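Student: Can you look at this prediction? I've put the sequence above it.
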Amino acid sequence: MNALRAVAVTFWIGGMWVIGLLVAPVLFSALERSVAGMVAGHLFAAIAWVGLVCGTLLMVGTVWQQGIKAFKGAAFWLVFGMLACTLLNHFAVTPIIAGLKTQMSQAASGAFGGGFATWHTISSLIYLVQSLMGLVYVLRVRD
């Protein structure tokens, strides 16, 4: 079970950091903005699904090993918080952003830019909070 936990943590939290801190900035510096945004969007969607699977495995594994005591531990609540961020970003905020992008392409340039920028900032802040919870998990949670 510890090996599965290590793989899940590495794949999910490491993947989030690599995409958010390395890949996305490189995409935006190397590609046209719209292409970089499309590719980054696909990568963020992929890591969201990875997070849903890995986070569920981590939570179930914690409860399996610790029983009811799991609900008193930091590991359970950090993963729960990260999963909540994933669900919020992927199923609530991202569809709003996608809708605003569609409206932007169908309207005069800039007409819906404020809404897009606001929701993009909200999404980025959620991702930052999730990444920081992942950092705390990696640094503080022991098998």
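Tutor: Thanks, I have it. Residues are numbered from 1 along each chain as shown.
Student: in what helix or strand does the closest residue to A40 other than its chain neighbours lie?
Tutor: The shortest distance from A40 to any residue other than its chain neighbours is 4.6 Å, reached at A24 (Cβ to Cβ, 6 or more residues apart in numbering). All C-beta spots, glycine's among them, are computed from the backbone N, C-alpha and C. Assignment of secondary structure by DSSP states H and E places A24 within helix 24-30.
Student: From the contact counts, what lies against the longest helix along the chain?
Tutor: Counting residues, the longest helix found in the chain (DSSP state H) is helix 33-66. Of the remaining helices and strands, those touching helix 33-66 by 3 or more Cβ pairs under 8 Å, 6 or more residues apart in numbering; DSSP states H and E are helix 2-9, helix 15-17, helix 24-30, helix 74-88, helix 94-106.
Student: could those go into CSV alongside distance to T62 and mean neighbour count?
Tutor: What follows is the helices and strands packed on helix 33-66, written out as CSV (distance: least, Cβ to Cβ, whole Å; neighbours: other Cβ atoms under 10 Å):
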stretch, distance to T62, mean neighbour count
helix 2-9, 8, 14
helix 15-17, 19, 19
helix 24-30, 30, 13
helix 74-88, 5, 19
helix 94-106, 27, 14
